[in-house]
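> missing the sequence, but the structure's below:
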């Protein structure tokens, strides 16, 4: 479902939108597409930041586990 809203934009921004959207896409469709992409990128950035936080909080254990796994795979020197 779509809802109508009103947004005030500068002439320069509207000119840029018209140039980028071309004649095949309405201003509304162009702006909606740009905002959808922006929201997806922001969600991804937030998810990545949470993941990095988790990794950093558990880095010592994760590194130790990785080293243990590599030691198990490496040939033993006699």
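Here it is on my side, so go on. On a predicted model such as this, the values are computed, not experimentally measured, just so you know.

> may I ask which helix or strand encompasses residue 2?
Assigned by DSSP states H and E, residue 2 belongs to neither a helix nor a strand.

> now swap in residue 35 and tell me
helix 27-57.

> which helix or strand lies directly C-terminal to that helix?
helix 59-73.

> run the chain-centre distance for the helix or strand of the chain with the lowest mean pLDDT.
None of the helices or strands of the chain scores lower by mean pLDDT, DSSP states H and E than helix 59-73, at a mean of 85. Centroid separation between helix 59-73 and its chain, computed with C-alpha atoms, centre = their mean, to the nearest Å, is 30 Å.

> ok, stretch 25-44 next?
The chain centroid and the centroid of stretch 25-44 are separated by 13 Å, computed with C-alpha atoms, centre = their mean.

> run through who's touching that stretch.
7, 14, 17, 18, 20, 21 (C-beta atoms under 8 Å, 6 or more residues apart in numbering). No exception for glycine: its C-beta is placed from N, CA and C like everyone else's.
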